[in-house]
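# here is a sequence with its predicted model. Questions after.
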Amino acid sequence: MLDVAVIESPAAAEASLDPTRSAILAALTEPASAAMLATRLGLPRQRLNYHLKELERHGLVELLEERRKGNVAERIYRATAGSYVISPSALAAVSPDPARAPDQLSARWLLALGARLVQEVGTLITGAAKAQRRVATFGIDAEVRFAGAADRAAFAAELSRAVATLVGRYHDESAPGGRTYRVVVGMHQVPAAPEPTEPEATQENRQ
């Protein structure tokens, strides 16, 4: 089982987004039979089998083993990955293109960069899985709290200069056998966590 699988097919993306099938995928991070899943998810066996076959058809679920109990064969299934990411290539005709309107200060452009990142790295993961090889990548994730807009702007300018200096130092257009890597640096505000909703007062509490 892969840690993460990238869904590139529109049909597979549609299958994974169905609430029932999504619940089946979550349950099948641990191997189980159709009978076990039906009990666990509270679904009729016939309905569960239908969804299971659709997920298997799109490569989201795989048959792990077949156990025989007397004259009955019990098929054990497992999700092909622990989690899934839908690539923008599944919506190729309407996927965002960073080349359309490059603007370092645009949130939409940053989103387009992120979409391209998912698409390109997803393609690499899919190819590497077939070849049973690892993908050479590197990532940094950090949080910084700015005192104000001026500090944020100064940080962005300094970061831009540092990246440009590093790229200029190591980029070698004529290197024989060299490989091109894409460097993406982004910054966005961390969304505030939703405030917990207070339970409605019961009739007893109101009195």
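Happy to help now that I have it.

# not counting sequence-adjacent ones, nearest residue to the residue nearest in space to the middle of the chain?
Centroid check for the chain by C-alpha atoms, centre = their mean gives Val85 as the closest residue, at 2.6 Å. Take Val85 and drop its neighbours on the chain: the residue closest to it by C-beta to C-beta, 6 or more residues apart in numbering is Val6, 5.2 Å away. Where you see a C-beta, it was placed from the backbone N, CA and C, and this is true even at glycine.

# could you pull out the helices for this structure?
Counting by DSSP state H, the chain has helices at residues 10-17, 19-27, 34-41, 45-57, 107-131, 149-170, 203-206.

# return the distance of the second one from the chain's centre.
Translated: helix 19-27. Distance of helix 19-27 from the chain centroid (C-alpha atoms, centre = their mean, to the nearest Å) equals 16 Å.

# same deal with the fourth one?
Chain-centre distance of helix 45-57: 23 Å, with C-alpha atoms, centre = their mean.

# tell me the buried residues in it?
Neighbour-count burial for helix 45-57, counted by 16 or more other C-beta atoms under 10 Å, picks out 48-49, 51-52, 54-55.

# and if you look at the third one?
Residues 34, 36-38, 41 are the ones in helix 34-41 that count as buried (16+ other C-beta under 10 Å).

# repeat for the first one
Residues of helix 10-17 classed as buried by neighbour count (16+ other C-beta under 10 Å): 12-13, 15-16.

# and it, what other elements does it pack with?
helix 19-27, helix 45-57, strand 81-86 (3 or more C-beta pairs under 8 Å, 6 or more residues apart in numbering; DSSP states H and E).

# how's the chain carved up into domains?
The chain resolves into domains spanning 2-84, 93-170 when parsed by automatic domain parsing.

# pick the most deeply packed of those.
domain 2-84 (a mean of 15; mean count of other C-beta atoms under 10 Å).

# that domain - what's its average pLDDT?
For domain 2-84, mean pLDDT rounds to 90.

# isn't the residue nearest to the centre of the chain up against Gly122?
Yes. Between Val85 and Gly122 there is a contact under C-beta atoms under 8 Å: 6.6 Å.

# spit out the residues that contact those two alike.
Val6 (C-beta atoms under 8 Å, 6 or more residues apart in numbering).

# okay if I get the helices and strands packed on helix 10-17 as TSV plus distance to Ala157?
TSV is the format used below for these (distance: least, C-beta to C-beta, whole Å):
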stretch	distance to Ala157
helix 19-27	43
helix 45-57	48
strand 81-86	32
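
# between these, which one is nearest to Val184?
Nearest to Val184 among the helices and strands packed on helix 10-17 is strand 81-86; the distance by C-beta to C-beta comes to 16.0 Å.

# which strands or helices does the closest one pack on?
Looks like strand 81-86 contacts strand 2-7, helix 10-17 (3+ C-beta pairs under 8 Å, 6+ apart).

# relative to strand 2-7, how tilted is that strand?
Strand 81-86 and strand 2-7 are oriented at 30 degrees to each other (axes from the mean of the first three to the mean of the last three C-alpha atoms, to 10 degrees).

# residues making contact with strand 81-86?
1-7, 13, 16-17, 25, 29, 60, 118, 122.
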